[in-house]
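Student: Let me see the structure of the following:
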Amino acid sequence: MKRLNIDKRCIPLVSLLFSVIVLAVAWYVSYPYFLRWLEGFSFFTNLPDFVQIHYHLPEDILKYAGAFLLQFYKYPLLGAIIQAVISVLFVSLVWSCIRRIFAEPEHQLWLAFIPLPLFVHYQLSDLTLARSLAWMLCPALLLLVLITIRLKPFFRVPKFLSGTALSAVMSVVFLLSSSALLVKGNDLTRGYEEVARLEYLGENQRWEEILRTVSVQESQVNEYQRRYALLALLNTGKLADHAFAYGLSGADDFLFNDVQEPFCLGFNILFYKSLGMANPAIYQTYQRAVQSAPGISFNTVRFLADCYLETGDYTLARKYLDLLSHSTCHRGWVKSRLPKLQKLAGRSPSYSQTGSKFYLDSFLADISSMYDRYPHDRRFADLLLCGVLAQKDGTAFYRIYEVVSKYLYPDGKGVPDLYQEALLLVASKHPEILARHKIDESVWKRFADFTELMQQGKSAQAKRKYSGTYWAYVY
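Tutor: Residues are numbered from 1 along each chain as shown. Presented below is the predicted three-dimensional model:
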């Protein structure tokens with residue numbers, strides 16, 4: 001049997017290729033939604049005025065190069081491969097320096113893997129790729145110096161640190177350590193991945209999947225998950241059934257207020273978009289745009305282009321579509337929208353407004369106006385009713401419910417248990433409620449049991465037994 005001969009010069013190449021595969025898998029498995037989100041948070045265009053305004057200093061050049069690469073992260077697998085290639089290119093540059101410093105470097109490849117875990121650690125928090133590219137410049141500049149001065153290899157590694165077996169084992173150890181570091185991540189990147197996934201599911205209206213992702217317990221303690229869960233409940237018609245079980249404690253739980261943070265603003269945009277409220281969605285989008293490094297981002301430009309197409313604003317829709325057409329990966333996206341844009345040519349956008357039946361304040365005031373405009377849309381009614389119930393304002397609830405019930409529950413059927421629970425409490429001040437609105441027998445029985453337990457001083461037992469009800473929330 002002939003002995004298989006392998007060219008030793010191929011070993012580093014095979015090792016580096018294997019490293020790309022391992023790291024790419026680790027990135028893709030661990031952060032598919034975060035990688036996609038990075039594309040949306042970045043922006044690239046070849047328009048010369050944009051380059052002149054945003055990129056001047058050497059660091060800015062690295063950001064521009066990073067922005068070019070981040071375009072491709074809209075495909076998470078491709079983004080994972082790019083992340084892995086950047087890491088392995090760094091190792092390759094270090095290896096090239098080692099070959100010019102060490103005598104007999106054939107078995108010293110593992111030395112180039114030593115800084116890989118640290119490099120990967122910094123990659124996890126690099127949102128623009130500028131830091132990763134800057135790290136690559138260090139061995140690249142050193143290599144350039146070594147080539148320029150034609151330095152002869154002078155350093156010899158002790159024999160016990162040489163050898164094919166040792167080099168292979170140590171290279172694998174550092175590679176697997178880096179991969180484990182990726183998979184484990186940190187609180188920041190894990191949080192990014194978690195919220196990026198919820199944002200992606202929301203943008204694609206996969207509300208049921210959000211509810212399967214976010215547990216009741218997590219929603220009660222995590223402000224991001226709670227808002228996505230409440231929005232998913234709203235859009236599946238389940239808000240009035242589970243709002244308080246998922247931790248609703250006030251109207252502020254429906255949105256992020258006075259928070260200038262990309263993920264928070266992204267949720268606000270999604271919230272208003274899902275309800276068809278273009279103006280506040282556009283306002284939040286402009287706020288989110290300035291949070292990105294260049295002050296504009298792909299996710300905001302895409303949203304503005306689509307939003308202005310929907311609202312019939314030809315001038316602004318054309319502006320943002322033209323901006324996207326000068327990026328690398330949006331030509332097909334823009335082309336698919338050109339027929340709709342052409343239909344808007346020569347038209348002026350029109351925005352109709354109506355008065356409101358009742359005025360509350362702030363967020364609830366906006367929702368009340370929307371309900372006045374769309375009285376048969378249960379989502380606005382649920383937001384209003386659950387919002388005032390969260391404020392424990394029974395009088396406001398009854399006043400709004402009197403209006404809502406005429407449109408949504410004219411025959412008194414299908415009223416959510418939550419509203420019936422609230423009506424029973426409000427009936428102590430407005431006894432006429434019981435004559436005007438039907439309460440299901442099952443709700444009556446549970447209320448009687450809850451009241452009896454409370455009167456016996458067993459409040460903890462009552463709240464535990466009827467957790468998620470309005471009675472448990474109030475008391």
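Student: Let's check: the centremost residue of the protein is which one?
Tutor: Most central in the chain under CA atoms, centre = their mean is Ala196, positioned 2.4 Å from the mean C-alpha point.
Student: neighbours of Leu142, just the number please.
Tutor: For Leu142, the count of nearby residues is 16 (other CB atoms under 10 Å). Any C-beta I mention is one placed from the backbone N, CA and C, and that applies to glycine too.
Student: That one is in contact with Cys97, isn't it?
Tutor: Yes. Leu142 is within contact range of Cys97, at 5.2 Å (criterion: CB atoms under 8 Å).
Student: What are the neighbouring residues in contact with Arg331?
Tutor: Ser325 (CB atoms under 8 Å, 6 or more residues apart in numbering).
Student: For Tyr369, give me the pLDDT.
Tutor: Just so we're on the same page, residue 369 is Ser rather than Tyr. Listed pLDDT for Ser369 reads 89.
Student: Now name the helix or strand holding it.
Tutor: Element membership for Ser369 (DSSP states H and E) is helix 362-373.
Student: Tell me the buried residues in that helix?
Tutor: Residues of helix 362-373 classed as buried by neighbour count (16 or more other CB atoms under 10 Å): Phe363, Leu364, Asp366, Ile367, Ser368, Ser369, Met370, Tyr371, Asp372.
Student: Tell me which helix or strand comes right after the least confident helix or strand in the chain by mean pLDDT.
Tutor: Across the helices and strands of the chain, mean confidence by mean pLDDT, DSSP states H and E is lowest for helix 48-54: a mean of 78. Tracing the chain C-terminally past helix 48-54 and defining elements by DSSP H and E, one meets helix 58-70 next.
Student: Touching that following helix from outside, list them.
Tutor: Contacts of helix 58-70 (CB under 8 Å, 6+ apart): 38-39, 42-44, 51, 54-55, 79, 82, 128-130, 132-134, 293-294, 328.
Student: how about Lys413, secondary structure?
Tutor: coil (DSSP: H, G, I helix; E, B strand; the rest coil).
Student: how about the CA coordinates for the helix holding Ser369, as CSV?
Tutor: The C-alpha atoms that make up helix 362-373 are tabulated as CSV, following Å, rounded to 0.1, in the frame of the first residue of the first chain:
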residue,chain,number,x,y,z
SER,A,362,-50.7,61.7,25.4
PHE,A,363,-50.5,58.2,23.9
LEU,A,364,-54.1,57.3,24.8
ALA,A,365,-55.3,60.6,23.2
ASP,A,366,-53.7,59.5,19.9
ILE,A,367,-55.3,56.1,20.2
SER,A,368,-58.7,57.6,21.0
SER,A,369,-58.4,59.7,17.8
MET,A,370,-57.6,56.6,15.8
TYR,A,371,-60.5,54.7,17.3
ASP,A,372,-62.8,57.6,16.5
ARG,A,373,-61.6,57.2,12.9
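Student: tell me which strands and helices it is in contact with?
Tutor: helix 378-390 (3 or more CB pairs under 8 Å, 6 or more residues apart in numbering; DSSP states H and E).
Student: Might you calculate how far stretch 199-215 sits from the centre of the chain?
Tutor: Stretch 199-215 has its C-alpha centroid displaced from the chain centroid by 11 Å (CA atoms, centre = their mean, to the nearest Å).
Student: Enumerate every residue touching the residue nearest to the centre of the chain.
Tutor: Tyr33, Phe34, Arg36, Trp37, Phe263 are the contacts of Ala196 under CB under 8 Å, 6+ apart.
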